[in-house]
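Colleague: Turn this into a structure:
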Amino acid sequence: MNQTSHDPGDVPASREEMIAAVFAGFVIQQTQMALMLMGRIPHPETGERVHDVEGAQLFIDQLEMLAAKTKGNLDKREEQLLQQNLTSLRLAFVEAVEATPGQAPSQPTSEAEHSSQAPSTPSVSPAASAADEAEAESRKKFSKKY
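Modeller: Residues are numbered from 1 along each chain as shown. Model (predicted):
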């Protein structure tokens, strides 16, 4: 790269810093996509909540693969970011799977058929479901430090 194209006050980022920023952006992007597919955050264009736990599982699997393939090659902050996001996604996924039977009408037909193949959990009282949803809402408000 030619440094003369930069303003004198600009400090060019090192290649390692740029790669770290792209890595963090990728992890965050995958996390947000999984959260959107679990209905945790609204779709950015429609504002609607999507419920596609199989799609969310794909993004979680990709992050788990990334963690396995990069083990020992990440710095402390990258490892922490990846592990915190995976932990949050796993918890949200369990909650989304447990909530799916009550929300089956909002799923596409193919998703409803797939969820019917999985053994259903015993019926949960509406009061317990409301408490779980309230707890899930409170957990949504976590802060990330990058």
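Colleague: contacts and neighbour counts: CA atoms only from here.
Modeller: Fine.
Colleague: now the chain, which segments are flagged as low pLDDT?
Modeller: Scanning the chain with the threshold set as pLDDT under 70 gives 1-12, 100-146.
Colleague: Count residues in the vicinity of residue 18, would you?
Modeller: Per other Cα atoms under 10 Å, the neighbour tally for residue 18 reads 12.
Colleague: what about it, which SS state?
Modeller: helix (DSSP: H, G, I helix; E, B strand; the rest coil).
Colleague: roughly how far apart are it and residue 33?
Modeller: 22 Å (Cα to Cα, to the nearest Å).
Colleague: again, but for residue 66
Modeller: 16 Å.
Colleague: In terms of neighbours, single out the busier of those two.
Modeller: residue 33 (19 against 13).
Colleague: Touching whichever strand or helix holds that one from outside, list them.
Modeller: Residue 33 belongs to helix 15-37 when assigned by DSSP states H and E. Identification of contacts with helix 15-37 by Cα atoms under 8 Å, 6 or more residues apart in numbering yields 41-43, 49-53, 55-57, 59-60, 63, 78, 81-82, 85-86, 89, 92, 146.
Colleague: change it to 6 Å
Modeller: 41-42, 50-52, 56, 59 (Cα atoms under 6 Å, 6 or more residues apart in numbering).
Colleague: Next: stretch 59-73.
Modeller: So stretch 59-73 is contacted by 30, 34 (Cα under 6 Å, 6+ apart).
Colleague: Please spell out which residues along that stretch are buried.
Modeller: 59-60, 63, 67 (16 or more other Cα atoms under 10 Å).
Colleague: So which of the contacts of helix 15-37 belong to helices?
Modeller: 56, 59 (DSSP state H).
Colleague: Can you add distance to residue 28 and give the contacts of helix 15-37 back as CSV?
Modeller: Converted to CSV, those look like this (distance: Cα to Cα, whole Å):
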residue, distance to residue 28
41, 13
42, 16
50, 18
51, 19
52, 19
56, 14
59, 11
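Colleague: Out of the contacts of helix 15-37, give me the two with the largest separation.
Modeller: 42 and 59 (16.6 Å; Cα to Cα).
Colleague: Let me see the ranges of the helices in the chain.
Modeller: 15-37, 53-69, 76-99, 109-117, 126-140.
Colleague: what's residue 50 sitting at in phi/psi?
Modeller: phi -100, psi 150 (degrees, to the nearest 10).
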